[in-house]
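> Return atomic coordinates for the entry below.
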Amino acid sequence: MVHKIHLRGLKMDDLVFLDQIENNVDYWELSDTNEPFSRELLIEYIRASDKSIEEVHQQRFVIALSDETAVGFIDLFDFNYLHSRAGVGIIIEKEFRGRGFASEALKLICDYAVSELKLHQLYANIVEDNNESIALFEKMGFEQVAIKRDWHYSKGNFKNELLYQRIF
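Below you'll find the predicted structure:
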């Protein structure tokens, strides 16, 4: 299979794209962010991104085209070596959606989780009205296993969060 995208680590060249994603108020609900990140903090984040997942319990990958254009991020978080699991989250910038990049990135991260990290499972937390993410994770073999009721407060309303798992 010819890949349309690849996953790579953060580089200082990604600062503008990182700022564009992290400081976009439309995405804050997805990450529990409630105030913008300073440029200095984002620079420090990029500088620290070479630490191992075992050390910091998270790892961010840039979803990049063959010409290195960044189209999104996919993160492993809450890495737990003892229990052989991690959470996974993904974001594709709006202009790049609908081209299969998210499916391919999720497949690549699942392969990495199994082959390199030797994980037993990945999980995802998805707000109940995020139909695109629900469809993506179900397509990629994740199953809904729980509902966290009234988990997110957004725009004057509480929303349920769905817990999805994929056991390898």
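> Just checking: what are the partner strands of the helix or strand that Gly87 is a member of?
Secondary structure from DSSP states H and E places Gly87 in strand 85-92. If you go by DSSP bridges, strand 85-92 pairs up with strand 70-80 (antiparallel), strand 121-127 (parallel).
> I'd like the average pLDDT over that strand.
Strand 85-92 shows a mean pLDDT of 97.
> Would you pull up how far it lies from the middle of the chain?
The chain centroid and the centroid of strand 85-92 are separated by 3 Å, computed with Cα atoms, centre = their mean, to the nearest Å.
> Next: stretch 99-111.
Relative to the mean C-alpha coordinate of its chain, stretch 99-111 is positioned 11 Å out (Cα atoms, centre = their mean).
> Buried residues in that stretch, which are they?
Of the residues in stretch 99-111, 101-106, 108-110 count as buried by neighbour count, 16 or more other Cβ atoms under 10 Å. The way it works is simple: take the backbone N, C-alpha and C, and place the C-beta from them, glycine included.
> What is the burial count for Gly72?
Residue crowding around Gly72 was assessed by other Cβ atoms under 10 Å; the count is 21.
> Thanks a lot, see you next time.
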